[in-house]
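Provided below for reference: sequence and predicted model.
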Amino acid sequence: MTTQTVPAAKNSSLPQTGARGTQSTTAVSSGVAGSDQPAANRGRTSIANVVVVKVAGIAAREIPGVYDMGGGLSRTIGAVRDRVPGGRPNVGRGVKVEVGERQTAIDLDLVVEYGVPITDVARDVRENVISAVERVTGLEVVEVNVTVNDVHLPEEDDQPSSAESRVE
């Protein structure tokens, strides 16, 4: 299988894509033209970096113990975006990828549930992300770096809002 990177912006040898990264695609198969070729070989397949971001984000969220993804500011902005009518959740929040010709490296920012073993969650996330990205894209995942930014405490959900009256 032949692969090549096709950057959208000039001078971008190894693009990095996150929430605001460079948009590029990776060609995972180069086909040949001609009616004498088998149908499966006619044309070329390109995968946008945002595809790798979304696949990794979905795979990481599937693991029990992962409460949310992203740093504090991105989670706050995401919470506001989720409340806007017609807004969709951003599955790529907390995910950054670097894509080469045949390989990719992935960085994840996680918030884990209190009480779960962080090393076990990180291992499970790493395994699931590698499996999903390699299966869906055909790219080799060389590393998945997991950063745990926060721990979600159960009482954070139970706190009363400040709008409630303190007196009767």
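Sure thing, it's come through.

could you pull out the strands for this structure?
For the chain, the strands defined by DSSP state E cover 4-7, 16-17, 24-29, 45-48, 66-69, 95-99, 103-113, 140-152.

who's in contact with whichever helix in the chain runs longest?
Across the chain, the longest stretch assigned as helix under DSSP state H is helix 118-137. For helix 118-137, contacts defined as C-beta atoms under 8 Å, 6 or more residues apart in numbering pick out 26, 28, 47, 51-52, 55-56, 58-60, 62-66, 104, 106, 108, 110, 112, 139-141, 144, 146, 148. Quick note: C-beta positions are derived from backbone N, CA and C, even for glycine.

how does it look with 7 Å?
With C-beta atoms under 7 Å, 6 or more residues apart in numbering as the test, helix 118-137 has contacts from 28, 47, 51-52, 55-56, 59-60, 62-63, 65-66, 104, 106, 108, 110, 112, 139-141, 144, 146, 148.

what are the buried residues along it?
Residues 121-122, 124-126, 128-130, 132-133, 136-137 are the ones in helix 118-137 that count as buried (16 or more other C-beta atoms under 10 Å).
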